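Q: structure for the following, please:
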Amino acid sequence: MGLIISLVIAGVCGWLAGMIMKSSFPWYINVVIGLVGGAIFSFVFGSWLISGLIGNIVGGVIGSCLVIFIIKMIKK
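A: Okay, the predicted model is just below:
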């Protein structure tokens, strides 16, 4: 059950980051971007900065925006 919730949160983070960064990735790429972005944010800032559901979503969105930015820079 925890895996499903994590994937849903990653999907929401990826979707929100896609809306913020105006990307046109499909939903399954947004889930991957959300997972990677959340992992990056968690690795860099650790759990002392964010906690709870809202904190995880905010951290995942920030990390996902960073991942989308990097992908856009590589595509150019």
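
Q: tell me the secondary structure for the most centrally placed residue in the chain?
A: Centroid check for the chain by Cα atoms, centre = their mean gives Gly34 as the closest residue, at 2.8 Å. Using DSSP: H, G, I helix; E, B strand; the rest coil as the criterion, the local structure at Gly34 reads helix.

Q: can you map out the helices along this protein?
A: Along the chain, the segments classed as helices by DSSP state H run 2-21, 27-45, 52-75.

Q: quick one: the second one to chain centroid distance?
A: Going by Cα atoms, centre = their mean, to the nearest Å, the spacing between the C-alpha centre of helix 27-45 and its chain's C-alpha centre is 4 Å.

Q: with the longest one instead?
A: Using Cα atoms, centre = their mean, the distance from the centre of helix 52-75 to the centre of the chain it belongs to is 4 Å.

Q: list the contacts of it.
A: Taking Cβ atoms under 8 Å, 6 or more residues apart in numbering as the criterion, the residues outside helix 52-75 that touch it are 9-10, 12-14, 16-18, 20-21, 23, 25, 30, 33-34, 36-42, 44-45, 49-50. Where C-beta positions appear, they are placed from N, C-alpha and C, glycine not excepted.

Q: mind doing that once more with 10 Å?
A: Residues lying outside helix 52-75 but in contact with it, judged by Cβ atoms under 10 Å, 6 or more residues apart in numbering, are 5-6, 9-23, 25, 29-30, 32-45, 47, 49-51.

Q: residues in contact with Asn30?
A: Applying Cβ under 10 Å, 6+ apart, the residues near Asn30 are 10-19, 23, 37, 64, 68.

Q: name the nearest residue to Trp15, sequence neighbours excluded.
A: Taking Cβ to Cβ, 6 or more residues apart in numbering, and ignoring the residues beside it in sequence, Trp15 has Asn30 as its nearest neighbour in space, at 5.2 Å.
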